[in-house]
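Undergrad: Build me a model:
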Amino acid sequence: MFPTRTTLLLGLPALLGLGYLLAPSAYPGPLFEDDEPKGLYPELPEGPPPVLAVEGAEAEKPEDMRAYTDRILGTKVTFDMVPIPGGRFRMGSRVDEPKRKAHESPVHEVQVSPFWMGACEVTWDEYHAFMMKKDLAERSEDPEQAAPQDRYSDAVTRPTPPYVPMDFNMGVGDFPAIAMTQFAAKQYTKWLTMKTGRFHRLATEAEWEYACRAGTTTAYSFGSDTELLDKHAWHFGNSEDGYKQVGKLQPNAWGLHDMHGNVAEWVLDGYRKQGYQASAELLVDPVDWPVTEYPRVVRGGSWDDDPDELRSASRRPSKSSWKDIDPQIPKSIWYHTNVRTVGFRVVRPLTPPPRAEWGKYWEADLDFVADIEAGQRAGKR
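TA: Down below sits the predicted model:
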């Protein structure tokens with residue numbers, strides 16, 4: 001049932017508008033015009049972007065970390081970040097956990113450094129500022145909104161215009177953004193870094209499970225009783241065939257909403273069918289860097305999944321079929337046209353990597369993706 005129980009019923013004609021686009025949509029901006037600016041994006045300035053002053057956002061030590069509300073310059077959009085304490089945990093599912101899968105093994109001990117994580121999944125309000133260039137539109141109408149960070153964020157490659165509303169008429173605003181590739185999600189974290197001056201990226205798979213568990217060892221962050229699931233998660237049994245506004249259900253013990261269900265979430269890691277690499281040693285901040293386009297890992301399960309797919313240890317591989325009905329040749333590096341169930345949330349480590357290593361977390365890791373991106377930066381579709 002993934003991508004979704006319903007998406008698989010859609011054919012290309014239905015998706016591209018023979019009936020589908022007749023439905024009303026709150027989707028902003030042009031869909032069919034190639035509004036990608038002709039010519040090169042500006043080059044990224046040397047040095048780090050200026051830091052946007054936000055109360056509570058800075059900490060020198062783990063004990064100084066606090067929850068804070070950040071903002072996206074040039075828009076009215078804000079987002080909440082919560083501190084995740086560093087620590088050790090046992091990653092994966094025990095052999096006696098009901099409905100576990102073999103690729104959740106072997107259980108292994110991991111040390112995770114402290115970080116902040118988005119309290120909620122990235123919403124359409126947040127993602128549209130990047131995807132639809134709404135910050136640029138606001139600035140053109142009100143030049144006084146210009147800020148020193150603009151030279152940095154304007155240099156980040158943005159998605160090409162989509163052919164159809166990528167919310168699939170399920171709702172925008174404070175609903176979770178969906179259907180982006182991992183590359184698109186990583187570019188968003190790069191753009192957000194340039195907007196705020198604070199280093200953001202996707203979570204590693206280890207960070208994601210650690211944050212989801214919030215100190216627990218049970219199947220879910222609230223225990224193992226699926227009778228409690230409706231209080232914490234949107235899933236196939238209660239979602240009424242669509243995602244929901246973020247942050248409406250109970251968070252886990254560390255203040256994270258929708259870690260179980262609503263939309264599955266991209267992490268940085270590649271996927272190994274055989275499971276995790278066995279290690280008798282403590283792994284410190286591990287990440288399994290992808291070497292192929294597919295498969296890569298998504299976590300958390302979605303509104304279209306049964307309870308077992310929402311467990312803290314549950315993991316899923318991405319698939320090339322997620323782009324089956326994309327009519328472009330080559331297929332888009334920005335959109336997964338078949339998937340209505342995958343989004344992401346952002347992470348900000350307390351101790352960011354050296355600036356020379358930032359690109360590893362953001363940039364295209366495959367030559368063909370880099371080539372397409374380069375062409376788009378030069379004004380090509």
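Undergrad: From His128, how far off is Tyr152?
TA: Counting by C-beta to C-beta, to the nearest Å, the gap from Tyr152 to His128 is 20 Å. From N, CA and C alone the C-beta is placed, and that goes for glycine too.
Undergrad: whoops, Ala53 was the one
TA: 25 Å.
Undergrad: same deal with Asp150?
TA: 18 Å.
Undergrad: ok, these two, which is more surrounded?
TA: Remark: of Asp150 and His128, His128 carries more neighbours, 22 against 19, as counted by other C-beta atoms under 10 Å.
Undergrad: wait, doesn't the more buried one sit right on Leu136?
TA: No - between His128 and Leu136 there is no contact under C-beta atoms under 8 Å: 12.0 Å.
Undergrad: Is Pro98 located within a strand, as I assumed?
TA: No - counting by DSSP: H, G, I helix; E, B strand; the rest coil, Pro98 is located in no strand; its state is coil.
Undergrad: Who are the contact partners of it?
TA: With contact taken as C-beta atoms under 8 Å, 6 or more residues apart in numbering, Pro98 is in contact with 219, 308.
Undergrad: State the pLDDT value of it.
TA: We have a pLDDT of 96 for Pro98.
Undergrad: Same check on Ala184?
TA: 98.
Undergrad: Same question for Gln277.
TA: 86.
Undergrad: For it, give me its contacts.
TA: Neighbours of Gln277 in contact, by C-beta under 8 Å, 6+ apart: Asp288.
Undergrad: Helices of this protein, start to end?
TA: 12-16, 124-131, 134-141, 150-153, 182-196, 205-213, 367-377 (DSSP state H).
Undergrad: I'd like the ones you listed laid out as JSON lines, including distance to His257.
TA: Shown next, in JSON lines, are these (distance: least, C-beta to C-beta, whole Å):
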{"stretch": "helix 12-16", "distance to His257": "30"}
{"stretch": "helix 124-131", "distance to His257": "14"}
{"stretch": "helix 134-141", "distance to His257": "24"}
{"stretch": "helix 150-153", "distance to His257": "27"}
{"stretch": "helix 182-196", "distance to His257": "18"}
{"stretch": "helix 205-213", "distance to His257": "11"}
{"stretch": "helix 367-377", "distance to His257": "31"}
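Undergrad: between those helices, which gets nearest to Arg94?
TA: Nearest of the helices of the chain to Arg94, taken as C-beta to C-beta: helix 205-213 at 12.6 Å.
Undergrad: ok, residues contacting that closest one?
TA: 84, 87, 89, 91, 110, 112, 115, 117, 203, 221, 252, 254, 256, 259-260, 265, 267-269, 283, 285-288, 297, 299-300, 312-313, 315, 347.
Undergrad: which stretches of the stretch 51-200 of the chain have low pLDDT?
TA: Across the stretch 51-200 of the chain, nothing is flagged by pLDDT under 70.
Undergrad: residue boundaries of the strands in it?
TA: 68-71, 78-84, 87-91, 108-112, 115-118 (DSSP state E, counting those that start in this stretch).
Undergrad: out of the ones you listed, deepest packed?
TA: strand 115-118 (a mean of 24; mean count of other C-beta atoms under 10 Å).
Undergrad: partners of it in the sheet?
TA: strand 78-84 (antiparallel), strand 347-349 (antiparallel) (DSSP bridges).
Undergrad: Would you reformat these as TSV and include distance to Ile72?
TA: Shown next, in TSV, are these (distance: least, C-beta to C-beta, whole Å):
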stretch	distance to Ile72
strand 78-84	7
strand 347-349	14
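Undergrad: right, so of those, which gets closest to Leu44?
TA: strand 347-349 (19.5 Å).
Undergrad: Run the chain-centre distance for that closest one.
TA: Offset of strand 347-349 from its chain centre (C-alpha atoms, centre = their mean, to the nearest Å): 13 Å.
Undergrad: Next: stretch 317-335.
TA: Per C-alpha atoms, centre = their mean, the centroid offset for stretch 317-335 relative to its chain is 17 Å.
Undergrad: Could you tell me the end-to-end distance of stretch 130-146?
TA: Taking C-alpha to C-alpha, to the nearest Å, stretch 130-146 runs 16 Å from one end to the other.
Undergrad: what about the residue nearest to Lys134 when sequence neighbours are not counted, distance to Ile333?
TA: Spatial nearest neighbour of Lys134, excluding adjacent residues (C-beta to C-beta, 6 or more residues apart in numbering): His128 at 5.7 Å. From His128 over to Ile333 the distance is 19 Å, taken as C-beta to C-beta.
Undergrad: swap in Ala147?
TA: 29 Å.
Undergrad: quick one: which of the two has more around it?
TA: Taking neighbours as other C-beta under 10 Å, Ala147 and Ile333 compare with Ile333 leading, 24 against 16.
Undergrad: isn't that one right up against Ala184?
TA: Yes - counting by C-beta under 8 Å, Ala184 is a contact partner of Ile333 at 7.5 Å.
Undergrad: Of all the helices of the chain, which one is nearest Lys319?
TA: Using C-beta to C-beta, these put helix 182-196 closest to Lys319, at 12.4 Å.
Undergrad: now for the closest one, which elements pack on it?
TA: helix 124-131, helix 150-153, strand 264-270 (3 or more C-beta pairs under 8 Å, 6 or more residues apart in numbering; DSSP states H and E).
Undergrad: Apply 6 Å and report the result again.
TA: helix 150-153 (3 or more C-beta pairs under 6 Å, 6 or more residues apart in numbering; DSSP states H and E).
Undergrad: what does the helix it packs on rub up against?
TA: 45, 49, 191, 194-195 (C-beta atoms under 6 Å, 6 or more residues apart in numbering).
Undergrad: Please consider this matter closed, and thank you.
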